[in-house]
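Participant: Predicted coordinates and the sequence they were generated for:
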Amino acid sequence: MFRKFSSDDVSAQNQVKASVQRKIRQSIADEYPGLELVLEDLLPKKSPLIVVKCQNHLNLVVVNNLPLFFNIRDGPYMPTLRLLHQYPNVMKKFQVDRGAIKFVLAGANIMCPGLTSPGGALDEQVLEEKPVAIMAEGKQHALAIGFTKLSAKNIKAINKGIGVDNMHYLNDGLWKMQKLE
Amino acid sequence: MSEKPQPERVLYCAVCSLPAEYCEFGADFEACKPWILQNAPELYPDLVREANKKNVDKVSNKLESVGISSSRNNAKLTAEASSAGASEPKQEVKRLPGGKIKKKLKQEVVIEKIVRNKRKCVTVVKGLDLFGVKLSDASKKLGKKFATGASVVKGPTDKEQIDVQGDIFYDIVEFITNTWPDVPGNAIYFIEDGRKVVAV
Ligand SMILES: [Zn+2]
């Protein structure tokens, strides 16, 4: 998604109406209850909230020039990795084994065996089409944000092919875009 | 629900920008190593061991190279060593044939246009300081003359340059030569399509 992302991909950016801002806050709070108490710090009611529309139906939620969340079309909002690193416990987590790290960091989607091998781990509660944090064996911090193609149970049962789409990973275009002018 | 979570601080590598524990998977782990040894040695115990082992050799190497450099004119060498070594030689290679290959620290002003966002662009002016022009002054004058924003910023090699918002490519040479008579017109260069050409 963000492999070659840069500010050139921005097609429009708008400060959204208060009603839209409320809606965005609400859906983020619903998706990530752990963030509810810090939402006022992250998306202050008084600061303008900018929605940056990019190619491929991608939207970025930007406050004070910092990209904080993204979503696709009307899909669920997902935090940027820099934000997730600050609040690591707000997302459910999957873990890939060490061997998968370099593929994930090259933008590859996450294959089931990388999650089911001894170095991997799954949160059984995660259903399909849900955002998850992708952690890695032996590492403390998330290396990617994923969107599940299969539920955790099916990843285990089927154990081949792509289990999670890689939405955003360390050193992709969104990671490099620390600030948006 | 408990109390308000406090943001965690992650140690990001100053070289590759990744969390330090991922440096080993970054584009250039070698480049990160000195930073890691300084800032996050606990994450890479092997690296520390390796560094300690090498240290003995290194010290003797270092002594040797100091010996060599002091035998040449050392003022220049230290200057070279402190400026980012990578970019200087590149400029040297880039010079077009024409017999006019001069010293590395050539007195010249380089003007480059950088396009952002397709429509907006920035005109970067480098090297005015080499003619004794105070950059903060120059940036104010440029901003005023072209009715735009201008600021002194640190360029990629840590040298200061002036960024002027907007495309002022073709009016700028006259303005520079008029405002600072010490700057000769033939010392002003444009960078066009990655090539350096004399402005006048
Ligand atoms: Zn690094």
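Facilitator: That came through fine.
Participant: What are the buried residues along the host helix or strand of A:Gln26?
Facilitator: Using DSSP states H and E, A:Gln26 falls within helix A:18-31. Neighbour-count burial for helix A:18-31 flags A:21, A:24-25, A:28-29, A:31 (criterion: 16 or more other Cβ atoms under 10 Å in any protein chain shown). Bear in mind the C-beta positions are built from the backbone N, C-alpha and C, glycine included.
Participant: quick one: the helices in chain A?
Facilitator: Along chain A, counting by DSSP state H, helices occupy A:18-31, A:39-42, A:81-86, A:98-104, A:112-116, A:152-158, A:173-176.
Participant: er, chain B I mean
Facilitator: All helices of chain B, identified by DSSP H, fall at B:29-39, B:45-71, B:74-82, B:87-94, B:135-145, B:172-179.
Participant: Tell me the one of the buried residues of helix A:18-31 nearest chain B?
Facilitator: Ranked by distance to chain B (Cβ to the nearest Cβ), the buried residues of helix A:18-31 are led by A:Ala29 at 11.7 Å.
Participant: thinking that closest one is in contact with A:Leu37, fair?
Facilitator: No - contact criterion Cβ atoms under 8 Å: A:Ala29 and A:Leu37 do not qualify, at 9.6 Å.
Participant: okay, now the domains of chain B?
Facilitator: Per the record, chain B has its domains at B:20-83, B:109-198, by automatic domain parsing.
Participant: got the ones you listed as CSV, with mean neighbour count, distance to A:Gly138 and mean pLDDT columns?
Facilitator: As requested, these are exported to CSV (neighbours: other Cβ atoms under 10 Å in any protein chain shown; distance: least, Cβ to Cβ, whole Å; pLDDT from 0 to 100):
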stretch, mean neighbour count, distance to A:Gly138, mean pLDDT
domain B:20-83, 13, 8, 73
domain B:109-198, 16, 34, 79
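Participant: Format these as a markdown table; extra columns: distance to A:Gln95.
Facilitator: A markdown table is the format used below for the domains of chain B (distance: least, Cβ to Cβ, whole Å):
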| stretch | distance to A:Gln95 |
| --- | --- |
| domain B:20-83 | 14 |
| domain B:109-198 | 38 |
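Participant: Same list, these, but as a markdown table with distance to the ion please.
Facilitator: A markdown table is the format used below for those (distance: least, Cβ to the ion, whole Å):
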| stretch | distance to the ion |
| --- | --- |
| domain B:20-83 | 3 |
| domain B:109-198 | 18 |
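Participant: what's across from A:Ala121 in the sheet?
Facilitator: Counting by DSSP bridges, A:Ala121 forms beta bridges with A:Gln95.
Participant: State the distance from it to A:Trp175.
Facilitator: For A:Ala121, the distance to A:Trp175 (Cβ to Cβ, to the nearest Å) stands at 23 Å.
Participant: ok, now B:Leu47?
Facilitator: Relative to A:Trp175, B:Leu47 is positioned 24 Å away (Cβ to Cβ).
Participant: try B:Ala138
Facilitator: Using Cβ to Cβ, one gets 36 Å for the distance from B:Ala138 to A:Trp175.
Participant: Count the neighbours of the residue in chain A positioned nearest to the ion for me.
Facilitator: The minimum distance from chain A to the ion, using Cβ to the ion, falls at A:Asn171 (10.1 Å). Look at A:Asn171: counted by other Cβ atoms under 10 Å in any protein chain shown, it has 20 neighbours.
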